[in-house]
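S.K.: build me a model from this:
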Amino acid sequence: MTDPVIRTILLLDIERFSDRDDVEQAYLRRMLYDITDRTLESAGIDETRRLRADRGDSVMELIDAGAPVTALLRALLTEVPAQLRTVNRMASRSAQIRLRGVLATGWVAVDEHDGWVGSDLNHACRLLDADVLRAALRERTGDFALCVSHALYEGVVRHDHPGIPAADFHTVTMAGKNGPLTAWLHGPVPATTEHREDHRDTGEGEAPGGSGDRPAPRVPPQGGAPEDRPAPEGHRGAPAPGAVFHFDGGAPSFGGSLVGGDQHGVSGGQVTGDVSLGGRERGERA
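M.R.: Model (predicted):
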């Protein structure tokens, strides 16, 4: 293994990559590489000053410590969003690309298999996968969410360099395998860090049991005609798990409190055995 040296660590990850088919994934990877190369070039960082590792849905760059971090930060804050707008403006829905990014600094060594080793690198990867960064991207109208490590914030960001407003970064804490990690998120902190938000009271957002890319079915206006449609589909056309009910023209009311027989995963929509709703005895005909 080589001796560890200080590196600037850049990670960029494609949101919802695994939801796409092979052709779409190949296209998104090309766009990711193009955006990464143009961003680094605009910061004055050529290929001789960086090492790249391919992570499938993301790219990792180890950048020479002598490369200007302030120039790279300015490029991440301006160049990446601009390029994403350009790409997505003419792209179909399935080809839209949104990115999470992490910029960190720390000690990294290279082992005998050309693998990269270092606790600072591990921390950067955990920041990239943190719920708070995922939630930040989901809640934004833009296509990019950036987080910087605490060390990089202390060494660079907090000094309020031109084009890098320190007031735009907000501290966040996330769980790590060896204890909580502190980082700094660019832009507003998300209202929730849950992986999936619950919109069931509003009729908006993601349908429970769906793929996450599909909106929940809307309830028709009061007094309107019921919508004649099948149950919503799950991921890639599969039926969504669980029972589906449509109520029109007022709030539903269930009397009684008996559910008899076997119950398996009621929250998922499956009830087997005898069921009584409204107080009727089992076997009584309506």
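S.K.: can you give me the helices in this structure?
M.R.: Taking DSSP state H, the helices of the chain run over residues 22-42, 69-89, 119-128, 131-139, 150-155.
S.K.: nearest to P165, out of these?
M.R.: helix 69-89 (8.9 Å; CB to CB). Every residue, glycine included, has its C-beta placed from N, CA and C.
S.K.: which residues touch the closest residue to A71 other than its chain neighbours?
M.R.: Distances taken as CB to CB, 6 or more residues apart in numbering put A43 closest to A71, at 4.2 Å, once the chain neighbours are dropped. Counting by CB atoms under 8 Å, 6 or more residues apart in numbering, A43 makes contact with 67-68, 71-72, 74-75, 79.
S.K.: now for the helix or strand bottoming out on mean pLDDT in the chain, which elements pack on it?
M.R.: Taking mean pLDDT, DSSP states H and E as the measure, the helix or strand of the chain with the lowest value is strand 116-117, at a mean of 82. Here strand 116-117 touches strand 99-110, going by 3 or more CB pairs under 8 Å, 6 or more residues apart in numbering; DSSP states H and E.
S.K.: what comes up buried for the strand it packs on?
M.R.: Of the residues in strand 99-110, 99-106, 108, 110 count as buried by neighbour count, 16 or more other CB atoms under 10 Å.
S.K.: picking that back up, mind listing what the least confident helix or strand of the chain pairs with, with the direction of each?
M.R.: In the sheet, strand 116-117 lines up against strand 99-110 (antiparallel) (DSSP bridges).
S.K.: just want the angle from the partner strand to helix 22-42.
M.R.: Strand 99-110 runs at 70 degrees relative to helix 22-42, counting by axes from the mean of the first three to the mean of the last three CA atoms, to 10 degrees.
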